[in-house]
Each structure stands twice: as structure tokens, then as C-alpha cells.
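Asks: predicted coordinates and the sequence they were generated for:
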Amino acid sequence: MCNSSLLMRKLRKYTVEEYQTVLNLRAQGLGYRKIHYLTNINEGVIFSWYSGKNKPRPAWDEQEWKESYAKRFTPELRKKLSEARKGKPKSKEHRAKLRLSKLGSKNPMWKGNRASKDSARNRAQRRYKRPKGKEIHHVDGDPHNNDPENIDFVTRREHMIKDGRMFNRDERGRFTSKKLSVNP
């Protein structure tokens with residue numbers, strides 16, 4: 001069944017005539033499926049109409065509607081619904097406290113050292129403000145180790161020399177991913 005027919009079924013408005021037809025066919029002894037094929041009305045709707053649990057809105061008289069509405073939406077429930085829609089305003093202190101309660105290893109999505117190397121490097125960049133024109137270099141080569149002793153701020157050229165990327169060039173002078181001998 002395609003999505004458009006499901007959407008149409010949900011949005012369909014039933015008339016009082018359809019309601020009366022279903023009740024008459026059911027009184028004649030026809031089953032829900034047979035009535036469904038004859039009227040193209042959902043079997044669940046037919047069942048709810050016949051069992052008296054529901055009926056189309058145009059078939060309700062004003063008193064029935066008021067009683068049903070009063071049962072479903074008591075003043076307490078209406079107040080809760082309106083508060084839930086608005087949301088409760090939070091102060092700056094409260095928002096800061098919530099943010100701190102979910103930082104780092106307290107976050108349910110925290111992966112620790114199972115995070116990718118790029119994620120670990122991003123953590124270091126968020127944790128340490130680097131001076132302009134400098135990059136963050138992990139001294140021991142482990143991007144997951146973001147201790148202050150392991151972090152060094154170096155220029156791009158120094159960083160490439162320390163990582164051994166500066167001298168990885170082919171015969172035309174282009175950088176390659178292969179590690180060649182390091183001659184600083």
C-alpha cells in the first residue's frame with residue numbers, strides 16, 4: 001500500500017450517511033471485511049462504529065460532543081497540555097549546569113579512546129585555544145592523549161617536520177602519503 005493511500009485514509013472525513021449505511025449493513029449480518037469491500041471504509045473504523053466506541057464527528061449531537069470533550073480534556077489535563085506546549089523557561093545558570101552535566105565522559109554518546117583520530121584531534125582543538133598561525137601537535141603522536149604536557153603549539157612547517165611529512169615528496173616535489181627517510 002502506498003503512502004498516499006495511507007495519508008488519505010488518515011485524513012478521510014466520514015459522513016453521517018456512511019455511518020448509517022455501515023450500521024444497516026452490519027444489522028443485516030454482513031461482516032466487517034465485506035462491509036469494507038462494499039463501502040471502502042477501514043475495517044477498524046467499522047468495528048469502532050458498530051461497537052459504539054466511536055462515530056464520525058458530524059453524527060454527534062452537541063450534548064454528546066460536550067460530554068466526550070469533558071471526559072477527554074479535564075481542566076487539569078488541559079493545564080498540563082498547555083504547560084507542555086510552552087516548555088518551562090530555564091535560567092542561564094540552569095542551562096549552564098545542564099551543559100556541564102553532559103560534558104565529556106558524562107555524555108551518553110561518549111566513546112572515549114574508541115573515538116576516531118579526527119574526533120580526538122577535534123577534542124584537543126576545543127579544549128586548548130591555539131595562538132594565531134599555530135597548530136596543535138601531540139608530542140607522543142597519540143591524538144587521544146590530550147594532557148597539557150603532551151600538547152605543543154607549532155607552526156605548520158614545524159608540525160610537518162615533527163610528523164615526518166615534510167620530506168615525503170615524489171620526484172616532482174609533490175607530497176606523498178608514503179613515508180620516506182626523514183632528513184631534518
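Replies: Noted; the coordinates are in hand.

Asks: grab the nearest non-local neighbour of residue 163.
Replies: Leaving aside its chain neighbours, residue 163 sits nearest to residue 137 (7.6 Å; criterion: Cβ to Cβ, 6 or more residues apart in numbering). All C-beta atoms are positioned from the backbone trio N, CA, C, and that covers glycine.

Asks: can you pull the pLDDT of the one you found?
Replies: For residue 137, the pLDDT comes out at 92.

Asks: I figured it hits residue 150, correct?
Replies: No: applying Cβ atoms under 8 Å as the test, residue 137 and residue 150 come out as separate, 9.2 Å apart.

Asks: hmm, back to that, which secondary structure element is home to the residue nearest to residue 163?
Replies: strand 135-138 (DSSP states H and E).

Asks: show the subsequent helix or strand relative to that strand.
Replies: Past strand 135-138, the next helix or strand by DSSP H and E is strand 151-154.

Asks: export that next one as PDB, just CAs?
Replies: C-alpha atoms of strand 151-154 as PDB (Å, rounded to 0.1, in the frame of the first residue of the first chain):
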ATOM      1  CA  ILE A 151      50.300  19.300  23.600                       C
ATOM      2  CA  ASP A 152      52.700  21.600  21.800                       C
ATOM      3  CA  PHE A 153      51.800  24.600  19.700                       C
ATOM      4  CA  VAL A 154      53.900  24.800  16.500                       C
END
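
Asks: can you give me the offset of it from its chain's centre?
Replies: On the basis of Cα atoms, centre = their mean, to the nearest Å, strand 151-154 sits 37 Å off its chain's mean C-alpha point.

Asks: tell me which residues of it are tucked away?
Replies: 151, 154 (16 or more other Cβ atoms under 10 Å).

Asks: and the pLDDT for the residue nearest the centre of the chain?
Replies: Taking Cα atoms, centre = their mean, the centroid of the chain lies closest to residue 109, which sits 13.5 Å from it. Residue 109 is assigned 83 on the pLDDT scale.

Asks: helix, strand, or coil at it?
Replies: Look at residue 109: counting by DSSP: H, G, I helix; E, B strand; the rest coil, its state is coil.

Asks: quick one: it from residue 115, how far?
Replies: The gap separating residue 109 from residue 115 is 10 Å, by Cβ to Cβ, to the nearest Å.

Asks: how many neighbours does residue 117 have?
Replies: By other Cβ atoms under 10 Å, 11 other residues sit near residue 117.

Asks: I'd like the distance between it and residue 123.
Replies: 11 Å.

Asks: phi, psi for residue 175 please.
Replies: Torsion angles at residue 175 (phi, psi; degrees, to the nearest 10) stand at phi -70, psi 140.

Asks: many thanks, we can stop here.
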